[in-house]
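Peer 1: Pasting the sequence and the predicted coordinates here, then a few questions.
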Amino acid sequence: MNIFLILAKSNSLGLADKHLQIVNNETLLERELRDVLSKNCFDQYYISSDSIKILDIAKRFNFKCIKRPESLTSNDEYLNSVKHAINNIKGSISTITISQVVQPLKSKNIYKKILGKHKKNVDSVVTATKFNSSPNWIYKKKGKSLINAKSVKYENIISRENDLYEIDNKIVSFTYASFIKWKSITPWPYLGEKIIFIEDVVLNPNLRVDINSKEDLDWFRIVKEKLID
């Protein structure tokens, strides 16, 4: 089975209840649920949340609901929340695709494209964004100063690089076999070693929406009104 999964906790940082913010008379969550169902790409649809309100909305769309414990709602428990959700899915699983509600700009056929790239020996397929700079430009903020990010170890390359990409976490899709292995120490260990990427561009490669604040939400409303609707 190809599984579609949404992780939507209630205690989000920055913008409270961001999944339930309303744009054009529907919540961001409702928009995502309606959109993915219209694509008819997956065998089963799940949502994991600690919020009864969020789960009740998902039930109206016939999503299978997983009640997440409050102990798995902090940011540093994200990987454990993924494990908890997948361990509560019934049946024989082939792939798990996780989509971010708060990154609502997705191209029309993105899910079909992602599933189409799940070939033999591919552990995962992800959306990625071109990183137009050099790793050596990355610093940490300390007060009002910038200090070297010592945990970032790269060769001494000063110029802008052309082959760097950031996994933007808009959509990640991985095999159940990769999830079972879980040996990597990367931020998403279930992605495995063989990762295929797709640049999911909507209108313009520089146009991105990731809603974590009121300003982000206002920006999305402008984008919808001026560029999409």
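Peer 2: Thanks, I have it. Since the structure is predicted, the reported quantities are computational estimates derived from the model, not experimental observations.
Peer 1: for this protein, what spans make up the strands?
Peer 2: Ranges of strands in the chain, per DSSP state E, are 2-7, 22-23, 26-27, 44-49, 64-67, 95-99, 124-130, 139-142, 145-148, 165-175, 195-198.
Peer 1: Of those strands, which is nearest residue 58?
Peer 2: Of all these, it is strand 44-49 that lies closest to residue 58, at 4.3 Å by C-beta to C-beta. Any C-beta I mention is one placed from the backbone N, CA and C, and that applies to glycine too.
Peer 1: and that closest one, which residues are buried?
Peer 2: 45, 46, 47, 48, 49 (16 or more other C-beta atoms under 10 Å).
Peer 1: Tell me what angle it forms with strand 2-7.
Peer 2: Per axes from the mean of the first three to the mean of the last three C-alpha atoms, to 10 degrees, the angle that strand 44-49 makes with strand 2-7 is 20 degrees.
Peer 1: In terms of secondary structure, what does the longest helix anywhere in the chain contact?
Peer 2: Criterion DSSP state H: the longest helix present in the chain is helix 28-39. Contact partners of helix 28-39 among helices and strands, from 3 or more C-beta pairs under 8 Å, 6 or more residues apart in numbering; DSSP states H and E: strand 2-7, helix 52-60, helix 110-116.
Peer 1: Which positions in the longest one come out as buried?
Peer 2: Judged by neighbour count using 16+ other C-beta under 10 Å, the buried positions of helix 52-60 are 54, 55, 57, 58.
Peer 1: Please look at the second one and residue 47 and confirm they touch.
Peer 2: So that's residue 55. Yes. At 6.8 Å, residue 55 counts as touching residue 47 under the criterion of C-beta atoms under 8 Å.
Peer 1: Can you give me the distance of the nearest residue to residue 51 once chain neighbours are set aside to residue 129?
Peer 2: Nearest residue to residue 51, sequence neighbours excluded (C-beta to C-beta, 6 or more residues apart in numbering): residue 10, at 3.8 Å. According to C-beta to C-beta, to the nearest Å, residue 10 and residue 129 sit 28 Å apart.
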